[in-house]
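Peer 1: Pasting the sequence and the predicted coordinates here, then a few questions.
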Amino acid sequence: MMKKILLVCAAGMSTSLLVNKMKEAAQNKGIEIEIDALPVSEASSVIDEVHVVLLGPQVRYQKSQVDALVKGRIPVEVIDMRSYGIMDGEAVLNRALELMG
């Protein structure tokens, strides 16, 4: 079954750039993975299908909202500020894979 990562963001361009870099990193590793970026208002529509949720640092205040949506079913974490700042797709992907076990 393909793993799915959801990035919760402020629907900005920076997040789609990070998604692309994460997809690139996954390709380089030969990993098939689906990565979507959505604002928290739309996250509930896909929350039951994803395996981990990562929040952009700029929406870290919405973590409790996301926690309430996932009800402890999957890991929820705020993306490391530095990795996000330098758009390190590989580091963010590696962390997501770690969280998914």
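Peer 2: Great, that's in hand.
Peer 1: From here on, just use CA atoms for contacts and neighbour counts.
Peer 2: Noted.
Peer 1: Now do the helices in this structure.
Peer 2: Assigned by DSSP state H, the chain shows helices spanning 13-29, 40-43, 63-70, 81-85, 89-100.
Peer 1: Near the spatially closest residue to Met81 that is not a sequence neighbour, how many other residues are there?
Peer 2: Distances taken as C-alpha to C-alpha, 6 or more residues apart in numbering put Pro57 closest to Met81, at 6.0 Å, once the chain neighbours are dropped. Residues within reach of Pro57, counting by other C-alpha atoms under 10 Å, total 19.
Peer 1: ok, now Val52?
Peer 2: Applying other C-alpha under 10 Å, I find that Val52 has 22 neighbouring residues.
Peer 1: was I right about it contacting Leu6?
Peer 2: Yes: using C-alpha atoms under 8 Å, Val52 is in contact with Leu6, at 6.4 Å.
Peer 1: returning to what we had before: can you redo the helices of the chain as CSV with mean neighbour count?
Peer 2: Shown next, in CSV, are the helices of the chain (neighbours: other C-alpha atoms under 10 Å):
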stretch, mean neighbour count
helix 13-29, 17
helix 40-43, 15
helix 63-70, 15
helix 81-85, 14
helix 89-100, 17
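Peer 1: Adding mean pLDDT as columns, could you present those helices in TSV?
Peer 2: Listed next are the helices of the chain as TSV, based on pLDDT from 0 to 100:
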stretch	mean pLDDT
helix 13-29	92
helix 40-43	91
helix 63-70	96
helix 81-85	95
helix 89-100	98
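Peer 1: In TSV, list those helices along with distance to Met2.
Peer 2: Formatted as TSV, the helices of the chain follow (distance: least, C-alpha to C-alpha, whole Å):
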stretch	distance to Met2
helix 13-29	12
helix 40-43	19
helix 63-70	19
helix 81-85	24
helix 89-100	12
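Peer 1: between the ones you listed, which gets nearest to Met1?
Peer 2: Among the helices of the chain, the nearest to Met1 by C-alpha to C-alpha is helix 89-100 (13.0 Å).
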